[in-house]
Every structure is written in structure tokens, then in C-alpha cells.
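In: Need coordinates for the below:
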Amino acid sequence: MTLKSGVLVILFAVLGLAATAQTLQLHPKEIRAGSSATLTWDTAGHPAYIVGYGKVSGKGSARVAPTSSTDYIMVVEVNKGVKYSLQHLFVSGAKGNDGFPSLNEFDVALQDRRSNYGYLEFQNFVWSTLQNKGYAVKGDYVPGRPFITFYTDFVLRPDLVSKLEKLRARRMAIAVDVYEPKEGIIIFGVRPKLEFQYRGESEWRADKANPLASAEAMKLLLLLRGEK
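Out: Here you go, the predicted model:
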């Protein structure tokens, strides 16, 4: 092989690597409520999971029509770890509050770990578990942060209201942080947020330090750990 041909081989290899970078695109990036946008991905042959959509592989696209502004986060497992891509879809004209609390409002996390479980599979498990419990779910990722967060809207919990209390209702939201420090080991934390409403009032108040919140978080922790 001549030096010139060797340089060409190296050049083509570099170009090939550049061409197979994982990408996530969204068009348009702003829609009116009731409209849709096109989400397009290329995982470069690696397994991937798009928070807000589901499992994907290879190249593909889908129409998405969320009812409120949403982050689509693609998590790709590559040979040297995990790569993230983020696209934000702004939805204008949405009606009122979408019911999702701010992430900084959740309580301190109860933490646990799970081994021998794929990172992408566990994320899908968290998402489906929260949905099966009746929550709407969103994802949050900050570039450079080593974990991803799933969080929910509020769901009314009449089972958490005692007849002896002067309360009209309680509602709960859940956040779950998921981190993979090394392949095959999943660290996760469950953060509850509980609120209550007095009879005859419309205001919701934070129900802090209530053992009910910790008990509900522990139930979910055990479920995510693989215990019934």
C-alpha cells in the first residue's frame, strides 16, 4: 500500500465515523397545541431509548403531538458508555397548568440499586411502571449530568386520606433518578411529592415530612428493585 492510498483509507475511516454519529432531530421545534412535529433519529446501529417515545434502533422517524412542552431525550448505549441527545418541543396554546410540579419541589430520594439489568431496559421499565400506576410521565436530562430523571404529574390519592382528617383530598407526584455508574449496575432514587387540600378550599399545600410519602416511595422502590 502506498502512503497516498493509506492516507485515503484513514480519511475514509474518519469520514465514516463522523457519518455514523448518533443524531436526534425535531421539526418544527415549536407547535400549537393539537398540532404535531416530526421526530427523526439515527442510532448508528446502537440500541437506544427515546424518553417520551420508546425504544428505537437504526434510522427512523415518528409524528409526536404532546399536549404540553416536552423534552425528547435519546439515550444510546455505545462501546465507551452512554451518549445523550436532547430536543425540546415547545407547545404553545396549551390549556392551563399541565399538572407537573417543578423538579426542585420533590422530597429527598430513597436510593437503591439493581444489577444485571440493561440501562435502556431499566429506563423503559421505570417509564411503563409509572404509566401503569396512572401517571403521565416526562423525562429530564441536563448535559454533563450523569443521570436521567423521570417525573410525573399529580394523581389524586383518595386512599391516602383518612376519614378522621379534615381534608378534601391528597395528591402525589413521583420523580425517579436513574444512573449507571458501570455496565450492569443501576443506581436509582425515588423522590415523592405529596400535597393536600382542606375541605372548602381550592389551594394545594405541600405535605412535607409525611410518612405516607416515604411509604409510597418505598413501595415503588421495591417494585423497581424487582420485588412485588
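
In: what's the neighbour count on residue 38?
Out: By other CB atoms under 10 Å, the residues close to residue 38 number 12. Bear in mind the C-beta positions are built from the backbone N, C-alpha and C, glycine included.

In: ok, the host helix or strand of it: who's next to it in the sheet?
Out: Assigned by DSSP states H and E, residue 38 belongs to strand 37-42. Strand pairing for strand 37-42, determined by DSSP bridges: strand 23-27 (antiparallel), strand 59-64 (antiparallel).

In: and residue 180, which of the ones you listed is closest to it?
Out: Nearest to residue 180, of all the strands paired with strand 37-42, is strand 23-27, at 19.4 Å by CB to CB.

In: now for the strands paired with strand 37-42, which one comes closest to residue 35?
Out: strand 59-64 (10.0 Å).

In: Give me the angle between the following helix or strand past the closest one and strand 37-42.
Out: Following strand 59-64 in sequence order, the next helix or strand is strand 70-78 (DSSP H and E). Inter-element angle recorded for strand 70-78 and strand 37-42: 10 degrees (by axes from the mean of the first three to the mean of the last three CA atoms, to 10 degrees).

In: Check what contacts the following helix or strand past strand 70-78 and list those residues.
Out: Remark: after strand 70-78, the chain's next helix or strand is strand 81-92, criterion DSSP H and E. By CB atoms under 8 Å, 6 or more residues apart in numbering, the surrounding residues in contact with strand 81-92 are 22-26, 29-33, 37, 39, 64, 66-76, 119, 141, 143, 148, 180.

In: which stretch of helix or strand covers the residue lying closest to residue 109 once chain neighbours are set aside?
Out: Excluding its sequence neighbours, the residue lying closest to residue 109 (CB to CB, 6 or more residues apart in numbering) is residue 189, at 3.2 Å. Residue 189 belongs to strand 185-198 when elements are defined using DSSP H and E.

In: Going along the chain from that strand, find the next helix or strand for me.
Out: Counting by DSSP H and E, what follows strand 185-198 is strand 205-206.

In: quick revisit: pull out the buried members of the contacts of strand 81-92.
Out: 22, 24, 26, 31, 37, 39, 64, 66, 68-70, 72-76, 119, 141, 148, 180 (16 or more other CB atoms under 10 Å).

In: Quick check: phi and psi at the residue positioned nearest the centre of the chain.
Out: Nearest residue to the geometric centre of the chain (CA atoms, centre = their mean): residue 139, 2.7 Å. When quoted as degrees, to the nearest 10, the phi and psi of residue 139 stand at phi -120, psi 150.

In: I'd say it and residue 51 touch.
Out: Yes - contact status for residue 139 versus residue 51: in contact at 3.2 Å, counting by CB atoms under 8 Å.

In: Cheers, nothing more for now.
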